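Q: one predicted model, sequence on top.
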Amino acid sequence: MVEASTATFSLRRLLMPAVVSIGLCLGAGSLLAADIDPEADRILKSMSTYLGGLNSFSVTADVDNEIIDTTGRKLQLSSSVEVVAERPAMFYAHRRGPVADVELIHDGKVLTVHGKGLNFYAQKEGADSIDGMIGRIRAESGFDVPGSDLFFADPYTGLMDGVESAVYMGTGFVNGAECHHLAFRQSKVDWQIWVQKGDTPLPMKYVITSKWVTGAPQYSARMREWNTAPEIAAGQFAFVPPEGAKRLDSIPVDEMGELMLEGEQ
């Protein structure tokens, strides 16, 4: 399921978003074979199979999320995200942006959200998979890992949920790499993805447009520094509270899906 960036009122899609990513559910739409370009479908399946088959990976993403302010001005809010994952359940993400400096850590038993700047943390029961962890934090708090659609064991099923049409747009270049350019349409959003050509069909760029929202704001993630066999440091997925850290009973998320500032809690 690709979710709307809902950029006029939500900043929560990172890699992921989103990740969104990521609350608005578009629901499954009927797929008309004539509207799905077989080449676009094949490449998306190839990317999904490759990503889902990785035992571990790391990636960095530069994320831009557009908002429309009360005067009608379109603004971009930029953040950076680093992700390290080891299937089935180990996951680490660190997002730095204009609102928060946040770590999300999952060791397969405990899920921790750590606000580094404000030195607080909240913990929830973990899950037995990355998919389950992402679903749990979405459902219980609304907080999300931007671009998290791409981290599921089977990205294809979620991405194609609600897709009404798909087109292969040819090739383009992202971060110097030649990529297949795919474009998809759903009822409330259009989205595009650029997939690296060759034997490593990695997603390199991901754009979601909220087409029926005034100004058509976009969420975009440009991915770089993919490592499909990373040397993961000992303790990467462990969390030790820093000195003086405040433990919260719940993850404080505002109506925009952002961690709330200390004075707003």
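A: Perfect, I can see it now.

Q: okay, CA-based contacts and neighbour counts for the rest of this
A: Will do.

Q: tell me where this structure has strands.
A: Counting by DSSP state E, the chain has strands at residues 56-68, 74-86, 90-96, 101-106, 110-115, 120-125, 165-174, 177-185, 189-196, 203-210, 218-227, 246-248.

Q: who wins for proximity to S48 among those?
A: Among the strands of the chain, the nearest to S48 by C-alpha to C-alpha is strand 203-210 (9.2 Å).

Q: partner strands of that closest one and their direction?
A: Strand 203-210 has its sheet partners listed here by DSSP bridges as strand 189-196 (antiparallel), strand 218-227 (antiparallel).

Q: show the model's pLDDT score for R96.
A: With respect to pLDDT, R96 has a value of 90.

Q: wait, L11
A: In this model, L11 carries a pLDDT of 29.

Q: could you shift the numbering so residue one becomes 29, and keep it that way?
A: In the new numbering, first residue 29, that becomes L39.

Q: mind listing what's buried in stretch 202-217?
A: Residues of stretch 202-217 classed as buried by neighbour count (16 or more other C-alpha atoms under 10 Å): 202, 206-214, 216-217.

Q: ok, now stretch 144-158?
A: Of the residues in stretch 144-158, those buried (16+ other C-alpha under 10 Å) are 144, 147-152, 154-155, 157-158.

Q: same thing with stretch 77-92?
A: Going by neighbour count (16+ other C-alpha under 10 Å), the buried part of stretch 77-92 is 77-80, 84-92.

Q: and L103, what are its bridge partners?
A: Residues in a beta bridge with L103, per DSSP bridges, are I95.

Q: ok so, going back, of all the buried residues of stretch 202-217, which comes closest to P258?
A: Of all these, P258 sits closest to V202, with 22.0 Å by C-alpha to C-alpha.

Q: where's the closest one relative to I221, distance?
A: Distance of V202 to I221, computed by C-alpha to C-alpha, to the nearest Å: 11 Å.

Q: what do these two both touch?
A: 232-233 (C-alpha atoms under 8 Å, 6 or more residues apart in numbering).

Q: tell me the contacts of Q104?
A: 92-95.

Q: quick one: average pLDDT of stretch 84-99?
A: Across stretch 84-99, pLDDT averages out at 94.

Q: what do you get for stretch 161-173?
A: The pLDDT scores in stretch 161-173 average 76.

Q: go on, stretch 195-214?
A: Averaged across stretch 195-214, the pLDDT comes to 97.

Q: wouldn't S238 be in contact with Q214 here?
A: No. Assessed by C-alpha atoms under 8 Å, S238 is found out of contact with Q214, at 10.0 Å.

Q: so where's the stretch 129-278 of the chain shaky on pLDDT?
A: Counting by pLDDT under 70, the stretch 129-278 of the chain shows low-confidence ranges at 169-174.

Q: before we move on, back to that, now render the contacts of Q104 as CSV, adding distance to D63.
A: Converted to CSV, these look like this (distance: C-alpha to C-alpha, whole Å):
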residue, distance to D63
D92, 29
N93, 29
E94, 29
I95, 31
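
Q: about what we covered before: okay if I get the buried residues of stretch 77-92 as a markdown table plus distance to A266?
A: Listed next are the buried residues of stretch 77-92 as a markdown table, based on distance: C-alpha to C-alpha, whole Å:
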| residue | distance to A266 |
| --- | --- |
| T77 | 29 |
| Y78 | 27 |
| L79 | 24 |
| G80 | 23 |
| S84 | 16 |
| F85 | 17 |
| S86 | 17 |
| V87 | 19 |
| T88 | 20 |
| A89 | 22 |
| D90 | 25 |
| V91 | 26 |
| D92 | 29 |
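
Q: now D69: closest residue in space that isn't a chain neighbour?
A: Closest residue to D69 apart from its sequence neighbours, by C-alpha to C-alpha, 6 or more residues apart in numbering: A194 at 7.4 Å.

Q: what sits against P116?
A: By C-alpha under 8 Å, 6+ apart, P116 lies in contact with 83, 156-158.

Q: what's the neighbour count on the closest residue to D92 other than its chain neighbours?
A: With sequence-adjacent residues excluded and distances taken as C-alpha to C-alpha, 6+ apart, D92 is closest to S106, at 4.5 Å. Other residues near S106 number 18, with proximity taken as other C-alpha atoms under 10 Å.
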